[in-house]
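A.B. asks: pasted the sequence and its predicted model underneath.
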Protein chains: 2
Amino acid sequence: MGRSNSLARSARAPTLVDVAKVAGVSPITVSRALGRPELVTAVTRRRVLEAVRATGYVPNLAAGALASSRSRLVAVFLPTIANSIFADTVQALTERLAAAGYQTLLGLTGYCPEQEEALLEAVLGRRPDGIVLTGTEHTQTSRERLARVGIPVVEAWDLSAKPLDMQIGFSHEAVGQAVADYLLGKGYRRISVVTLDDPRGLRRYRSLEQALATQGVELLGMQILPAPATLAVMGFGDLSSAAHSHPPLTTISIDGPRIGTAIAEALLARIAEPTLARQPLRLDVGFEVVGRGSG
Amino acid sequence: MGRSNSLARSARAPTLVDVAKVAGVSPITVSRALGRPELVTAVTRRRVLEAVRATGYVPNLAAGALASSRSRLVAVFLPTIANSIFADTVQALTERLAAAGYQTLLGLTGYCPEQEEALLEAVLGRRPDGIVLTGTEHTQTSRERLARVGIPVVEAWDLSAKPLDMQIGFSHEAVGQAVADYLLGKGYRRISVVTLDDPRGLRRYRSLEQALATQGVELLGMQILPAPATLAVMGFGDLSSAAHSHPPLTTISIDGPRIGTAIAEALLARIAEPTLARQPLRLDVGFEVVGRGSG
DNA sequence: CTGTTAGCGCATTCAG
DNA sequence: CTGAATGCGCTAACAG
């Protein structure tokens, strides 16, 4: 006893049983000391922790997941990682989840419901404890699968009439309306739209168009750009300084970190209270129109 | 038999055994039909697939991982999701991995080796088949753990003298040198630096400074910005159009997707050939200095 | 507060 | 080409 001190890649990773032997307790006590310390004496706990360090034990989460049917995994589906608008949210979300002992499974759907469906199929095999989707547009198959498996789901960044489970977002129609109000209020009448080819962008566009029409203003034109797009604004004199300053002329501002935290809290609550009936939750996190000099 | 047709959340998810019963074969045959179809008759395979659809079976990957000690999981550690410079790489990487049946575990380290270490500890419990790290700066503990567990590791976006395992990146010293050459060649002599507070940025800076010094040029000053930084450039006339055009005055261009694919290929190769001794691999993917009118 | 028993769902041996 | 037995490493029940 006591020759397991080298850095050599051991053929077999230490298990709970190994730790238990070293600590002189039963395997289940090790399990408890690690996972639910409050069920164990301070003394035994420290002995266990010592043995853990001595052995270099790292719990096998796959085994734990199988035995407990809790994977401690949350799947997060994003259209793309490139759109910085999700960055703050994902950051806050993963941080909060990590603090609660959960890990993040990343899925990239490319704004495509079919790709989302395929990804979902694969990810469900992991039995995640929660799933975060972007938007409210999903294939029928995805909807059925999600309804059947009963895993807590958050649809983020949007609100719709029939939530899968929980929704945390804002109304893109309201954004279009607010932009119209703002611009018309500033006296603008010659308005044009450039948007990414994504469902939420298009809905903002349609809402804006309609709101303008109500006031007798017609859009001068529009451009739909394919997914990874770059937009540059150039001009002379005041236009350029206005457009390039920060923030630009007008921005729709969203509290990304708050959304991320809200998503995490919602999921963790559902996970903690699985008996809770799946009563739809819709949280409108709102947005803000930030114009030059309005802040 | 034949009342399992509803969408009701069944108390128990169907297992291999359920599928086997429906298909009239043994469980192991179902396993093979799904995982290694070439070992099974076309006829039995289709019967199994039919049964899979009928039952709505989704393989439990945790059980599979436990039994086979292959998790089909790759952990990807990023400093932040906000830096778009990683976006292309991660996109290509996850796509390639997904195509090979692997899923991506996301870790955000915030440019902090200690946070990376904590994350690593947690993630190792998942027994990932591969790990992708950003950069070459890691705590001693992280290095030891990684050496011991023997999981294929790729350090991306940088090169160093002592690779953990595989490295795919470029020399940030070379970048600094190239930038110096470029700017001096253009006749610039009054040069200043703004960089994020990140190890690689600082190394580019130091290399640039030194390269300039060799030519008798001294930096006019420098600014180190804390992690999430926004930089705006404003001016009058030509300066503004030059600075705001796309690409800006000078850019260091990296082929993100290629790096992502290269990482995936390297990992998959190692995973497929685990008997292969851990011979360090260093792949320099290079970079390009793209200046206005140079392209 | 601790231990015993049992089984999570699957894939890897081996046989046939 | 298919099947039977066995165990991966852990935790949920119960008992003491």
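C.D. replies: Perfect, I can see it now. For clarity, every value in this text was computed on a predicted model and none was experimentally measured.
A.B. asks: confidence score at residue A:60?
C.D. replies: pLDDT for residue A:60: 97.
A.B. asks: and it, what is it in contact with?
C.D. replies: Contact analysis of residue A:60 by C-beta atoms under 8 Å, 6 or more residues apart in numbering or on different chains lists A:13, A:15, B:66, B:125, B:127. Placement of C-beta: from N, CA and C, glycine included.
A.B. asks: so how many other residues sit close to the residue lying closest to the fourth one once chain neighbours are set aside?
C.D. replies: Pointing back at residue B:125 there. Sequence neighbours aside, residue A:61 is the residue nearest to residue B:125 in space, at 4.1 Å (criterion: C-beta to C-beta, 6 or more residues apart in numbering or on different chains). For residue A:61, the neighbour count with other C-beta atoms under 10 Å in any protein chain shown is 23.
A.B. asks: swap in residue A:50?
C.D. replies: 13.
A.B. asks: now it: which helix or strand?
C.D. replies: Using DSSP states H and E, residue A:50 maps to helix A:42-55.
A.B. asks: residue A:112: neighbour count?
C.D. replies: By other C-beta under 10 Å, 15 other residues sit near residue A:112.
A.B. asks: please disregard the earlier target; I meant residue A:289.
C.D. replies: Residue A:289 has 16 neighbours, counted by other C-beta under 10 Å.
A.B. asks: just to revisit the earlier point, could you pull up phi and psi at the residue nearest to residue B:125?
C.D. replies: Dihedral pair for residue A:61: phi -70, psi -20, per degrees, to the nearest 10.
A.B. asks: one more: the one 10 residues further on?
C.D. replies: Dihedral angles of residue A:71 (phi, psi; degrees, to the nearest 10) stand at phi -90, psi -20.
A.B. asks: that one reaches residue A:65, doesn't it?
C.D. replies: Yes - if you go by C-beta atoms under 8 Å, residue A:71 and residue A:65 touch, sitting 4.3 Å apart.
A.B. asks: shared neighbours, these two?
C.D. replies: Shared contacts of residue A:71 and residue A:65 (C-beta under 8 Å, 6+ apart): A:127, B:62.
A.B. asks: which parts of the stretch 101-250 of chain A are strands?
C.D. replies: Ranges of strands within the stretch 101-250 of chain A are A:103-108, A:130-134, A:153-156, A:166-169, A:192-196, A:221-225, A:250-253, based on DSSP state E, counting those that start in this stretch.
A.B. asks: between those strands, which gets nearest to chain B?
C.D. replies: Distance to chain B, taken as C-beta to the nearest C-beta, is lowest for strand A:103-108 among these, at 4.2 Å.
A.B. asks: so does that closest one get close to DNA strand D?
C.D. replies: No - contact of strand A:103-108 with DNA strand D (C-beta under 7 Å from any atom of the strand) is absent, the minimum separation being 14.5 Å.
A.B. asks: now for that strand, which elements pack on it?
C.D. replies: The elements that strand A:103-108 packs onto, with contact taken as 3 or more C-beta pairs under 8 Å, 6 or more residues apart in numbering or on different chains; DSSP states H and E, are strand A:73-78, helix A:87-99, helix A:113-124, helix B:87-99, strand B:103-108.
A.B. asks: that strand to strand A:130-134, inter-axis angle?
C.D. replies: 30 degrees (axes from the mean of the first three to the mean of the last three C-alpha atoms, to 10 degrees).
A.B. asks: what sits against residue A:57?
C.D. replies: With C-beta under 8 Å, 6+ apart, residue A:57 has these contacts: A:14-16, A:18-19, A:51.
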